[in-house]
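Engineer: Dropping a prediction and its sequence here:
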Amino acid sequence: MNRIDRLFGILTLLQSKKYITAEKIAERFDMSVRTVYRDIKALGEQGIPVSFEQHKGYYLVQGYFLPPVSFNMDEANALLLVESLVNGFADNSIRTHYSTALTKVKAVLKTGQKEKLETLNQHIKLQIPQRLNFNFEYLSIIQHAIAEKHLIELNYKNNKEEVSLREVEPIGLIFYAFSWHLIAWCHHRNEYRDFNLTRIICLKNLSVPFKKTQHMPLSDYMQLLPVNY
């Protein structure tokens, strides 16, 4: 990778992260930390407002935005393939958001690239079992609640067909056993619970901050899953 491409790559990486350390940048671009320092200095000399915070790393000063990003065909093809996976494994909310995002990607492609992408689209199909047809619209709401650390209220039907109203603090989403599961601290049970999204009747983000100050990492909860698929 030549230096210009690398500098642009570092700039794109900075825009995608709140903070990133010199070590992480060096690992990403397979170079020394000393080279990272030189590249960061070069970006600053070009008027790009890169700043640094102790113990956190580099960041772009708020308010700075890159012009529209361009994509090569390999990157566009990868996104097209992911669209099939999204349509098969996500719910209606994520399908809608991904479709909007992909439309924006296609908008910055050259005419020839668009034509090739449309042709390729006709040659990619994914056959999904009926059990994976997720017609709910919960994933996007849950993602926002996790990111903002907001309480969620949901009506849930258990294996005995009993319905209960729950107020939970979501710590993550896991796809296992062919379904999406919300992992959350349940104030009704006073413990972490696993909610299969196909059994949720309705759900809403209460926009109220978590009551608990500390939660277990989702990776730790995954060790407790009843199956490994």
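Structural biologist: Thanks, I have the structure now. Residues are numbered from 1 along each chain as shown.
Engineer: helix or strand right after the helix or strand that contains H97?
Structural biologist: Using DSSP states H and E, H97 sits within helix 92-107. Using DSSP H and E, the helix or strand that follows helix 92-107 in sequence is helix 111-121.
Engineer: what's the average pLDDT for that following helix?
Structural biologist: When pLDDT is averaged along helix 111-121, the result is 87.
Engineer: Which positions within that helix qualify as buried?
Structural biologist: Q113, L117 (16 or more other Cβ atoms under 10 Å). C-beta coordinates here come from the backbone N, C-alpha and C atoms, glycine included.
Engineer: what helices or strands is that helix leaning on?
Structural biologist: If you count contacts as 3 or more Cβ pairs under 8 Å, 6 or more residues apart in numbering; DSSP states H and E, helix 111-121 packs onto helix 73-89.
Engineer: Show me which positions of the helix it packs on end up buried.
Structural biologist: Here helix 73-89 shows A76, N77, L79, L80, E83, V86, F89 as buried, counting by 16+ other Cβ under 10 Å.
Engineer: What of stretch 217-229?
Structural biologist: Quick answer for stretch 217-229 (16+ other Cβ under 10 Å): Y221.
Engineer: Would you map the strands across this protein?
Structural biologist: 50-53, 57-60, 150-157, 163-176, 179-186, 191-196, 200-209 (DSSP state E).
Engineer: Extract the C-alpha trace of the fifth one and format it as PDB.
Structural biologist: Taking Å, rounded to 0.1, in the frame of the first residue of the first chain, the C-alpha atoms of strand 179-186 are listed here in PDB:
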ATOM      1  CA  SER A 179     -33.000 -17.600  16.200                       C
ATOM      2  CA  TRP A 180     -32.200 -14.100  17.600                       C
ATOM      3  CA  HIS A 181     -32.100 -13.900  21.400                       C
ATOM      4  CA  LEU A 182     -32.100 -10.700  23.600                       C
ATOM      5  CA  ILE A 183     -29.900 -11.100  26.600                       C
ATOM      6  CA  ALA A 184     -30.900  -8.700  29.400                       C
ATOM      7  CA  TRP A 185     -31.200  -8.100  33.100                       C
ATOM      8  CA  CYS A 186     -34.800  -8.700  34.000                       C
END
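Engineer: In contact with the spatially most central residue of the chain, which residues?
Structural biologist: Residue closest to the average C-alpha location in the chain (Cα atoms, centre = their mean): Q143, at 8.3 Å. By Cβ atoms under 8 Å, 6 or more residues apart in numbering, the contact list for Q143 reads L173.
Engineer: try it again with 6 Å
Structural biologist: The contact partners of Q143, by Cβ atoms under 6 Å, 6 or more residues apart in numbering, come to none.
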